[in-house]
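Asks: Task: produce atomic coordinates for the following.
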Amino acid sequence: MIPVYNQLRHTQECLRCLEADIASGVRVIVINNGSTDGTRAWLDARNDITIIHNDTNRGCAPAWNQGSEAAAGADWIIVLNNDVLLPPGWCSDLLNTAKRLGWQIACPAMREGELNYDFAEYSKHYRKQMARVIRPGHAHGVCFAVAREVFETIGHFDEAFRIGQFEDADFFRRARRAGFRLGTMGACFIHHFGSTTQKALREGPPTGPYEAENRAHFRKKWKLGWFRRRWERLGAGARNWRWRTMELIANGHTLHEKGFNETLRFY
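Replies: Predicted coordinates for the structure are as follows:
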């Protein structure tokens with residue numbers, strides 16, 4: 001399922017990457033969150049995907065809930081940003097590896113930023129080099145596959161998180177607490193342009209300080225005082241440094257890369 005708000009060009013490119021999956025029977029659900037740039041008309045001209053239209057921008061969590069409810073009966077649901085590119089075979093790579101590892105939530109590796117490289121060739125080389133590299137316990141909201149049993153156990157996304165930010169972190173935290181296994185893998189690789197929805201929001205009607213409101217809700221919900229936040233941040237930083245260092249030494253890549261002005265950075 002793919003929530004969209006304007007940025008039609010990215011939606012078109014993303015769906016082009018999914019043509020083979022759609023042809024093979026994969027059901028693609030697009031939730032249009034009140035787009036005003038022609039997205040609605042373009043989506044309505046298609047008959048090979050499921051479309052849900054919202055009159056206003058309901059935000060990520062409600063759109064994700066609409067998509068997961070529309071996908072009732074599916075064993076796995078993949079949540080996907082629209083500003084991504086996907087190589088052939090990405091879906092089977094993601095799900096097959098998740099099943100082999102016994103994960104119930106699985107994320108692909110990704111490179112973010114400008115598309116200033118040959119994505120097709122890079123993704124082939126990357127997946128071959130990084131096929132066995134994993135980060136257990138780590139997940140991100142750009143693209144993640146969720147086994148149906150996770151929703152059945154912990155429920156859906158918390159719609160108290162307005163527009164976007166922190167609803168993915170909250171969901172992953174609830175899944176970990178319930179005993180589910182999650183992680184990020186090098187066997188599946190995507191490109192993420194990044195920040196396109198935030199740009200569309202800035203260009204649209206005022207939304208208010210939703211990021212600060214969501215942060216406050218997240219901290220209150222999980223009782224994250226200053227000391228606990230500091231402790232968790234230090235632990236996450238140490239884990240990320242260890243993962244990044246070991247991945248670079250062994251493979252020359254990391255599971256999270258960003259390209260800036262011809263410079264590739266590793267995270």
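Asks: Just give me the neighbour total for the closest residue to C17 other than its chain neighbours.
Replies: Using C-beta to C-beta, 6 or more residues apart in numbering and skipping residues adjacent in sequence, the residue nearest C17 is L86, 4.2 Å away. Heads up, the C-betas are built off the backbone N, CA and C, glycines and all. Neighbour count of L86, defined by other C-beta atoms under 10 Å: 25.
Asks: Just the strands from the stretch 101-250 of the chain, written as ranges.
Replies: Using DSSP state E, counting those that start in this stretch, the strands of the stretch 101-250 of the chain run over 105-113, 134-136, 143-147, 182-192.
Asks: Walk me through which strands the first one pairs with, and which way each runs.
Replies: Partner strands for strand 105-113, per DSSP bridges, with pairing direction: strand 143-147 (antiparallel), strand 182-192 (parallel), strand 256-260 (parallel).
Asks: Can you add mean pLDDT, mean neighbour count and distance to P108 and give the ones you listed back as TSV?
Replies: Output for the strands paired with strand 105-113, formatted as TSV (pLDDT from 0 to 100; neighbours: other C-beta atoms under 10 Å; distance: least, C-beta to C-beta, whole Å):
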stretch	mean pLDDT	mean neighbour count	distance to P108
strand 143-147	98	23	6
strand 182-192	98	24	4
strand 256-260	94	17	10
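Asks: between those strands, which gets nearest to P3?
Replies: P3 sits nearest to strand 143-147 of all the strands paired with strand 105-113, at 12.3 Å, using C-beta to C-beta.
Asks: who touches that closest one?
Replies: Residues outside strand 143-147 that contact it (C-beta atoms under 8 Å, 6 or more residues apart in numbering): 68, 75-81, 84, 94-95, 98, 104-108, 110, 168, 180, 190, 192.
Asks: again, but for stretch 12-27
Replies: Residues from elsewhere that reach stretch 12-27 (C-beta under 8 Å, 6+ apart): 2, 28, 30, 42, 48-50, 71, 74, 80-88, 90-91.
Asks: So A71 is in contact with I77, correct?
Replies: Yes: the pair A71 and I77 qualifies as a contact (C-beta atoms under 8 Å) at a distance of 5.1 Å.
Asks: Check the contact lists of the two and give me the overlap.
Replies: Common neighbours of A71 and I77 (C-beta under 8 Å, 6+ apart) are M1.
Asks: so how far is R233 from the residue in the chain sticking out farthest from the centre?
Replies: The C-alpha centroid of the chain is most remote from F227, which lies 28.8 Å away (C-alpha atoms, centre = their mean). Per C-beta to C-beta, to the nearest Å, F227 is found 11 Å from R233.
Asks: can you redo the strands paired with strand 105-113 as a markdown table with distance to A212?
Replies: As requested, those are exported to a markdown table (distance: least, C-beta to C-beta, whole Å):
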| stretch | distance to A212 |
| --- | --- |
| strand 143-147 | 25 |
| strand 182-192 | 24 |
| strand 256-260 | 25 |
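Asks: Pull out the buried residues from the contacts of stretch 12-27.
Replies: 2, 28, 30, 71, 74, 80-87, 90-91 (16 or more other C-beta atoms under 10 Å).
Asks: Okay, and which of those map to helices?
Replies: 90-91 (DSSP state H).
Asks: T56: which of the buried ones among the contacts of stretch 12-27 is nearest?
Replies: Using C-beta to C-beta, V30 comes nearest to T56 of these, at 16.5 Å.
Asks: residues near A98, how many?
Replies: A98 has 25 neighbouring residues, counting by other C-beta under 10 Å.
Asks: Leaving out chain neighbours, which residue sits closest to it?
Replies: Leaving aside its sequence neighbours, A98 sits nearest to A106 (C-beta to C-beta, 6+ apart; 3.6 Å).
Asks: Q104: how many residues sit nearby?
Replies: By other C-beta under 10 Å, the residues close to Q104 number 21.
Asks: dump the residue contacts of it.
Replies: Neighbouring residues of Q104 by C-beta under 8 Å, 6+ apart: 98, 146-147, 149-150, 175, 180-182.
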